[in-house]
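K.L.:
no sequence on this one, just coordinates:
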């Protein structure tokens with residue numbers, strides 16, 4: 001009976017992970033600029049992948065698979081925000097500006113240029 005509950009919970013995690021991945025894909029398609037798209041892909045994509053890996057770890061009874069899944073989650077959660085930040089900084093330096101414009105541009109080196 002407990003095993004059935006674990007399988008149902010893993011199924012719900014897989015569905016939630018798939019929904020987060022769908023939101024990330026829709027964000028990439030629908031959002032207006034590079035920065036918004038990158039934010040959707042890095043945050044929702046990492047959470048969706050993390051939930052799928054957690055579901056795998058939950059139903060697996062092999063310690064090696066569980067360890068790899070948990071290490072994969074840690075890897076996603078550590079690398080997604082850092083890589084998104086570096087991509088955003090590189091895009092800004094290359095000249096890509098946000099679509100809507102912002103009242104405050106903290107990366108602008110000349111504060112009087114706004």
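P.N.:
Perfect, thanks for sending it. These numbers were taken from a predicted model, which means no experiment stands behind them. Residues are numbered from 1 along each chain as shown.
K.L.:
What's the local residue count around residue 3?
P.N.:
9 (other Cβ atoms under 10 Å). (Glycine included, C-beta is placed from N, CA and C.)
K.L.:
With residue 98 as the reference, measure out to it.
P.N.:
In this view, residue 3 and residue 98 are 50 Å apart by Cβ to Cβ, to the nearest Å.
K.L.:
swap in residue 107?
P.N.:
From residue 107 to residue 98 the distance is 10 Å (Cβ to Cβ).
K.L.:
Now do the contacts for residue 75.
P.N.:
Listed by Cβ atoms under 8 Å, 6 or more residues apart in numbering, residue 75 has no contact partners.
K.L.:
my bad, residue 99
P.N.:
32-33, 36.
K.L.:
ok, so of these, who is nearest residue 20?
P.N.:
residue 36 (16.6 Å; Cβ to Cβ).
K.L.:
Between residue 107 and residue 98, which has more neighbouring residues?
P.N.:
Comparing residue 107 with residue 98 by other Cβ under 10 Å, the one with more neighbours is residue 98, at 15 against 8.
K.L.:
Is the more buried one in contact with residue 38, as I believe?
P.N.:
No - applying Cβ atoms under 8 Å as the test, residue 98 and residue 38 come out as separate, 11.2 Å apart.
K.L.:
and the lengthiest helix in the chain, which residues are buried?
P.N.:
Counting residues, the longest helix found in the chain (DSSP state H) is helix 63-94. Residues 69, 72-73, 76, 80, 84, 88, 91-92 are the ones in helix 63-94 that count as buried (16 or more other Cβ atoms under 10 Å).
K.L.:
secondary structure element for the closest residue to residue 70 other than its chain neighbours?
P.N.:
In this structure, residue 70 finds its nearest non-sequential neighbour in residue 57, 5.8 Å apart by Cβ to Cβ, 6 or more residues apart in numbering. If you go by DSSP states H and E, residue 57 is part of helix 34-59.
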